[in-house]
Each structure stands twice: as structure tokens, then as C-alpha cells.
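# Whatever this is, show me its structure:
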Amino acid sequence: MVDPKYVAYELIAPDAYLFTILYGPPHVILGFALLLNWITYTLDSFQADRPQLPRRLLIANLIGGLAALSREAYGPVFAGLFAIYLAAVAIQHRKIPWREGLIVALSSILAGTYGVYMLIAYRLIPGFAAWYQQNPFESPALIDLVLGFAPVLLLAWLGRRAFKALPSSAERTFGVAWLLAAPLMTYLPIAISRRLIAGWQIPLSIFAAYGLLHLWRKRRVFAIVAAISVLPATLLIILGGNARVAAQQPPLYITADQQAALNWLAANTTDRDVVLSKWEFGNLVPIYADARVFSGHPIETIEYKNKRAQVDTFFTAMTTAQRRDFLQRWHITVIVAEGDRAVSDFPVIFQAGNVTLYRAVP
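A predicted model of the protein is given here:
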């Protein structure tokens, strides 16, 4: 039910899992760490004296701006969490928390400005607009989400009474707000909705810990079974990752022939060159060379599906004249053919085993 192209390491909402985030790209890890610091720093600012506020607001904006720059969805996450939190405080105390609301707003100026810029860019810049349309990071079906979190959700339900019995505090109210806000934001009708569940595992695990403690006091056997039930997803990531590494298969490993071809491209191409290849090879080229690629990373390549089909057609169905027209239209300078793919009507410029590079222009 979930397109694997849009799922990182968990089958369900990878942004919600702290362990999964650690497996992600560095900018995601950095962005999430900054988000957590932004949230806690803003909460602490509620208790700050007026003379301290200007400095704290400046620091909060720097943290928030970097968090949004690392992961654009984290600005809306911050805004949504605090909107629900401030609404809960207003209901709880029967008055609008103007001071806290102003602090939140002033702590979000830099991130908000960047968010507005991104919205404008996604609509006015053709490349951004095309990328935005082809990559909707939408949430999975609700049943998928519930089943994915089921063991922790059950424990959290058991822990709700113990958590409710804690002394009233801003932290407790924010924990409840986060627990409720994240899944609500996850199903908003926007393209990045799935990413708005970022960090939901934190409040969920806090509630679940109280539930586990309740079980331990009542039925220790049930507590042990419940604790074991939350491990399979993590073990699946660890064991599955180790198995893929041990298999030494693509895309985690490349062949010596591919490495030689990449090294040649690094030494003999510039940013004016465009490489035509299978997307798997094209995805590696920017690591080694300045050359651009016609088809590479599925999410980063605009019109990826069409370009992948065009690459297949180029090698299997085009005539020489059609190939030349295609290469000229896309300003392609280097062709990479692997395995039984060959384009004998172009000069060979490098060959290593079953990887052959052709010059696409005279």
C-alpha cells in the first residue's frame, strides 16, 4: 500500500522513528537534533525574564532557521506542535497565553521566512515546481500507521492514567499536545504531510514507558512480552541492513569495472558534460565527477519515470538518427553502457570489463 520509493527505512512513517533517523542522511539527523533543541529552548524561554528574551529569541531563530534549512518540514512541525500546545494551555487556564504565543511567533521568524520562500519557489521556479509535483511525501493509509505503531500505542494507552496523575506542568501539557498533534498533522492535505509526524516516538514512548511500568507492577510476564513486542521493527532494520551489507550486492557495492569508469569520469569530465546511463550508475556519478547526469536519484531527478523509460528506449529501440537527435536535444556528451547494452555507432573513449563509455558528440 506504500510506494517504496518514498519510504526510507521503516515501512511506516520513517520520520517518526528516532532509530530510523539515525540511519538517514546527515542533514536529516542534524535537522532533527536542531528541531528538538528549538522546541526545548522555546519552552525554556517561557520562563525567562524580559531582559533575557531578546538574546534567547535570537538564538531560537538561529536554531529554527538551521532546522528548517536542514529539513523544510521541521518548520511546520514546530508551528503545529506549539499551536496545539497553546490551544491546550488556553483551554486549561481559560485565558489566551499571549506572552507564550508571542515568544513562539518571534522564535519562528527565520524559519517562517524560509518556509514562505520555499512555497513561492515551488510554485514559480519550473524545476522546483516539477520536483514538488512528482514527489508527494504523503502519509500511508491510517491502518498502516496504526499497525506500525500498534505495540507502542497499546502501552501508551495503558500509561495514560499514570501520566495524567503527574503534577500539572508545561512539560506534561506539551507531551500530551505532541502526542495528539503529530498524527493529526500527518493527515493534513499537503504534500509533505508524512514528515510532520517527526519525532512522534518521543511522546509515544514516554506514555508507553508509564504503561510498561504499570504492567510490571501488575503482571510482569505481560510486561516482558510487551517489551519484546516493540523490538521487531528495530531488529528488522539492524539484521536486514547487515544481511544486505554481507551480500555485497548493488546498490551498496559497485563492481571494479564501475569504479574504474567512475574514476575516468572524475578525471576527464567537467560540469559542462552530461552523462547518459542507467539511473543506478547515474546516481553515483556526482560523488566522483563534476559531470551532470540525465537520469540519477529517483527523487532528485525531474521526470524520473519518463527519463528512465527514455534511457531504456535509447539502448533498445532507437535508430542511429534518433539517438543523435536525442543526445543533441539533451546536450549529452558521454554514454555509459553496461552489460550487453552497446551503441556501436559512437566512438569508445573508455572500457573496463563490461562497462563501456562512448563519446556522444563529435
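# Please, where are all the strands along this protein?
Under the criterion DSSP state E, strands of the chain are mapped to 274-276, 292-293, 334-338, 348-352, 355-359.
# Can you lay out those as TSV showing mean pLDDT and mean neighbour count?
Bear in mind the C-beta positions are built from the backbone N, C-alpha and C, glycine included. Converted to TSV, the strands of the chain look like this (pLDDT from 0 to 100; neighbours: other C-beta atoms under 10 Å):
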stretch	mean pLDDT	mean neighbour count
strand 274-276	96	23
strand 292-293	96	22
strand 334-338	95	23
strand 348-352	94	15
strand 355-359	95	21
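# Can you add distance to Leu86 and give those strands back as CSV?
Formatted as CSV, these follow (distance: least, C-beta to C-beta, whole Å):
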stretch, distance to Leu86
strand 274-276, 51
strand 292-293, 47
strand 334-338, 55
strand 348-352, 61
strand 355-359, 58
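# Show me the one of the ones you listed that comes nearest Phe19.
Nearest to Phe19, of all the strands of the chain, is strand 292-293, at 32.1 Å by C-beta to C-beta.
# out of the strands of the chain, nearest to Leu58?
Minimum separation from Leu58 across the strands of the chain (C-beta to C-beta) falls at strand 292-293, 39.4 Å.
# List of residues touching that closest one?
Asp271, Asp273, Val274, Val275, Leu276, Ser277, Gly282, Asn283, Val285, Pro286, Thr301 (C-beta atoms under 8 Å, 6 or more residues apart in numbering).
# Just the buried subset of the residues you listed, please.
With burial judged by 16 or more other C-beta atoms under 10 Å, the buried subset of the contacts of strand 292-293 is Asp273, Val274, Val275, Leu276, Ser277, Gly282, Asn283, Val285, Thr301.
# how far away is the nearest residue in space to the fifth one that is not next to it in sequence from Met118?
Translated: Ser277. Leaving aside its sequence neighbours, Ser277 sits nearest to Val336 (C-beta to C-beta, 6 or more residues apart in numbering; 3.6 Å). Distance, Val336 to Met118, using C-beta to C-beta, to the nearest Å: 34 Å.
# contacting residues for the residue nearest to Ser277?
Applying C-beta under 8 Å, 6+ apart, the residues near Val336 are Ala261, Val275, Leu276, Ser277, Lys278, Phe281, Gly282, Val355, Thr356, Leu357, Tyr358.
# go again using 7 Å as the cut-off
By C-beta atoms under 7 Å, 6 or more residues apart in numbering, Val336 lies in contact with Ala261, Val275, Leu276, Ser277, Phe281, Val355, Leu357.
# Pull the contacting residues for the third one.
Think Leu276. Leu276 neighbours (C-beta under 7 Å, 6+ apart): Phe294, Val311, Phe314, Ile332, Ile335, Val336, Ala360.
# Pick out the most distant pair among those residues.
Using C-beta to C-beta, these span at most 13.0 Å, a distance reached by Val311 and Ala360.
# Tell me which of these two has more neighbours.
Between Val311 and Ala360, Ala360 has the larger neighbour count (other C-beta atoms under 10 Å), namely 24 against 19.
# what comes up buried for the longest helix along the chain?
Across the chain, the longest stretch assigned as helix under DSSP state H is helix 142-164. Residues Leu145, Gly148, Phe149, Pro151, Val152, Leu153, Leu155, Ala156, Leu158, Gly159, Phe163 are the ones in helix 142-164 that count as buried (16+ other C-beta under 10 Å).
# what does the domain assignment say about this structure?
Segmentation of the chain into domains, based on automatic domain parsing, reads 4-236, 256-359.
# Turn these into TSV, columns for distance to Arg244.
Listed next are the domains of the chain as TSV, based on distance: least, C-beta to C-beta, whole Å:
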stretch	distance to Arg244
domain 4-236	11
domain 256-359	15
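# which residue ranges form the helices in the stretch 201-350 of the chain?
201-218, 220-229, 232-247, 256-268, 279-282, 285-288, 304-316, 320-329 (DSSP state H, counting those that start in this stretch).
# And the longest one, what does it pack against?
Spelled out, that is helix 201-218. Helices and strands touching helix 201-218, by 3 or more C-beta pairs under 7 Å, 6 or more residues apart in numbering; DSSP states H and E, are helix 142-164, helix 170-186, helix 220-229.
# How far does stretch 222-237 stretch from one end to the other?
Stretch 222-237 has its terminal residues 25 Å apart, counting by C-alpha to C-alpha, to the nearest Å.
# Name the residues that touch it?
Looking at what lies outside stretch 222-237 - C-beta under 7 Å, 6+ apart - the contacts are Tyr9, Glu10, Phe19, Thr20, Tyr23, Pro151, Val152, Leu155, Leu212, Leu215, Trp216.
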